[in-house]
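**Student:** please find the sequence and the predicted model below.
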Amino acid sequence: MQQRGFGRILNIASTAAFQPGPGMGAYFASKAYLLSYSEALAFELEGGAVTATCLCPGATESEFFAVAAMEDSGLVKGKLLPTAADVAALGYRAMQKGQTLAIHGIFNRLRIQSLRLAPRRIVTAITAAILKRER
């Protein structure tokens, strides 16, 4: 892409990238890795014709929760979720603008900001409760 003089990279992580996830540690950690990698890559590419964007959607209308046996989790129960098409459109627009990070929805953006202020132990306990994961 750099040789060609143009390119866009869009990585798909999750809002899970911003906190530990008891019972789903590898999933949450892989999303954190992808976010960190994308931000580092975007920094390295800065000023050039190639950009890197990381899309971090929250809960989205899909089969994910059924496959993960999480239909009763606090992430989806009783909530109107955005469609995959809505989330993909946001990611595409962010990528086209060369933004480093795209988070779908004001609630998700506010939640992520609040995670930065809370003690990590509390964040982990709240995440476990939302995921309905027991010790």
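**Tutor:** Done, it's in.

**Student:** every contact and neighbour count from this point should use C-alpha atoms.
**Tutor:** OK.

**Student:** residues near Gly7, how many?
**Tutor:** Gly7: 16 surrounding residues under other Cα atoms under 10 Å.

**Student:** need phi/psi at it.
**Tutor:** Backbone torsions of Gly7, given as degrees, to the nearest 10, read phi 180, psi 150.

**Student:** Cys54 contacts Gly98, doesn't it?
**Tutor:** No. In this structure Cys54 lies outside contact range of Gly98 using Cα atoms under 8 Å: 10.2 Å.

**Student:** show me which of these two is the more surrounded one.
**Tutor:** More neighbours surround Cys54 than the other of Cys54 and Gly98, with 26 against 20 (other Cα under 10 Å).

**Student:** quick one: that one from Ile130, how far?
**Tutor:** To Ile130, Cys54 is 24 Å away according to Cα to Cα, to the nearest Å.

**Student:** do the same with Ser14
**Tutor:** Counting by Cα to Cα, the gap from Ser14 to Ile130 is 16 Å.

**Student:** looking at the two, which is more packed in?
**Tutor:** Set Ser14 next to Ile130 and count neighbours by other Cα under 10 Å: Ser14 wins out with 23 against 15.

**Student:** excluding chain neighbours, what is closest to the more buried one?
**Tutor:** Distances taken as Cα to Cα, 6 or more residues apart in numbering put Cys56 closest to Ser14, at 3.9 Å, once the chain neighbours are dropped.
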